[in-house]
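Chemist: I'll drop the sequence and a predicted model, then ask my questions.
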Amino acid sequence: MSVAIRPNPSIQTRVQANPPQPVLRMQSVCKGYGAGATRSEVLTNINLNVREGEFLAVVGFSGSGKSTFMKLLAGLESADSGVIEMDGTPIAGPGPERGLVFQNYSLLPWLTVRGNISLSVDSVFRHWGKGERRDHVEKFIEMVGLAHAAHRRPHELSGGMRQRVSLARTLAMKPKILLLDEPLSALDALTRCVLQEEILKIWEEERQTCVMITNDVDEAILVADRIVPLNPGPNASLGPAFTVELDRPRRATELNSNPHFRGLRNAVTNYLVAVRQKSRDDEAAKSVVPKIELPNLQPRSLALPRKATMNSPLVSK
Ligand SMILES: Nc1ncnc2c1ncn2[C@@H]1O[C@H](COP(=O)(O)OP(=O)(O)OP(=O)(O)O)[C@@H](O)[C@H]1O
């Protein structure tokens, strides 16, 4: 007897619908460093699609390969195998359409806040008039709340202020995608909270596609639409995505009492702790020394026979 399988109409509709092309696509991406005996495989079989306008957070433990992942997206490193594309074109190097903010601010020490931002604006928008570029720079200095310090050099700024300059400099280049590599992890907890909300506020105005690396689950939930864990390395791969179903605008102070926030925090944290434990158990299992059965031998004295001396009764007189 043959049975006709009738497709579920709702599933069929979903399959037929033309899903929007992801703005960023990673497929079967692998990346390691070194060669021969010193070779280490950092990322293995990374698959990810990032949608236009999405805020995606990648969370993982220290050393799992988060920065390597970001360098691949920024075009600062190339994959050993697999595909990394932006708008269907392979990423072959860094470009102004992908703005990267690092953990360490990398500002030019001899330039002021205004000078650091102007340098990037002048290089990307060369075709603009001088006045237009100046207004653009001032807009971003204001956006990050540094109008009062625009004339200062990096050594005259706090860590939070430097990271604001770094953010303004990248945002002012109007990249299509913002790549944030643990931008707040060098800051104290209070400054970090303030800047989290500022990044979120700026993002809510611009709605740029954004990929942020962080080791802070709360931070990831606060800012992201989707959270993807990076499993511990070596051979780190991405875990299952967690969707953040919290209304925007979000405020950190209001989230603590939100049941979805608390449930998600537990789910992501438990996942990360479980995969780390598994990875440790696997490593420990690999390094177990095999038990060696020793033969049942009787110990024998290795002491030399006593030497005969002149007074010894063994010496004949
Ligand atoms: N250029 C390189 N050459 C050799 N090994 C590297 C290089 N860059 C990173 N690694 C190694 O790759 C692994 C992952 O490093 P990566 O910086 O990507 O991790 P991470 O998750 O960003 O760490 P952290 O959170 O501590 O900054 C580490 O073992 C590191 O030593």
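Modeler: That came through fine. Being a predicted model, the structure only gives us computed values, none of them experimental. Residues are numbered from 1 along each chain as shown.
Chemist: Quick check: phi and psi on H136?
Modeler: Dihedral pair for H136: phi -60, psi -50, per degrees, to the nearest 10.
Chemist: Please list the residues of this structure that sit near the ligand.
Modeler: Listed as neighbours of the ligand in the chain under the rule C-beta under 6 Å from any ligand atom: Y33, G34, V42, G60, S62, G63, S64, G65, K66, S67, T68, G233. For glycine as for every other residue, the C-beta is placed from the backbone atoms N, C-alpha and C.
Chemist: biggest separation within those, which pair?
Modeler: The most widely separated members of the residues of the chain next to the ligand are G34 and G60, with 20.9 Å between them, by C-beta to C-beta.
Chemist: hmm, back to that, can I get the buried part of the residues of the chain next to the ligand as one PyMOL selection?
Modeler: Buried subset of those, written as a PyMOL selection, criterion 16 or more other C-beta atoms under 10 Å:
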select buried, resi 42+60+64+65+66+67+68+233
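Chemist: Identify those among the residues of the chain next to the ligand that sit within strands.
Modeler: Y33, V42 (DSSP state E).
Chemist: Can you convert the residues of the chain next to the ligand into TSV and add a column each for pLDDT?
Modeler: Shown next, in TSV, are those (pLDDT from 0 to 100):
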residue	pLDDT
Y33	96
G34	92
V42	95
G60	92
S62	89
G63	89
S64	91
G65	93
K66	93
S67	93
T68	95
G233	76
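Chemist: export the residues of the chain next to the ligand to TSV and tack on distance to L111?
Modeler: Formatted as TSV, the residues of the chain next to the ligand follow (distance: C-beta to C-beta, whole Å):
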residue	distance to L111
Y33	33
G34	36
V42	34
G60	34
S62	32
G63	33
S64	35
G65	33
K66	29
S67	26
T68	30
G233	37
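Chemist: Pick the one among the residues of the chain next to the ligand closest to G88.
Modeler: So of the residues of the chain next to the ligand, ranked by how close each gets to G88 (C-beta to C-beta), first place is T68, at 23.6 Å.
Chemist: The closest one touches E77, doesn't it?
Modeler: Yes. Using C-beta atoms under 8 Å, T68 is in contact with E77, at 6.6 Å.
Chemist: Name the residues contacting each of the two.
Modeler: K31 (C-beta atoms under 8 Å, 6 or more residues apart in numbering).
Chemist: can you tell me the helix or strand for L297?
Modeler: Using DSSP states H and E, L297 sits in no helix or strand.
Chemist: Helix or strand: which one has L272?
Modeler: Judged by DSSP H and E, L272 forms part of helix 259-286.
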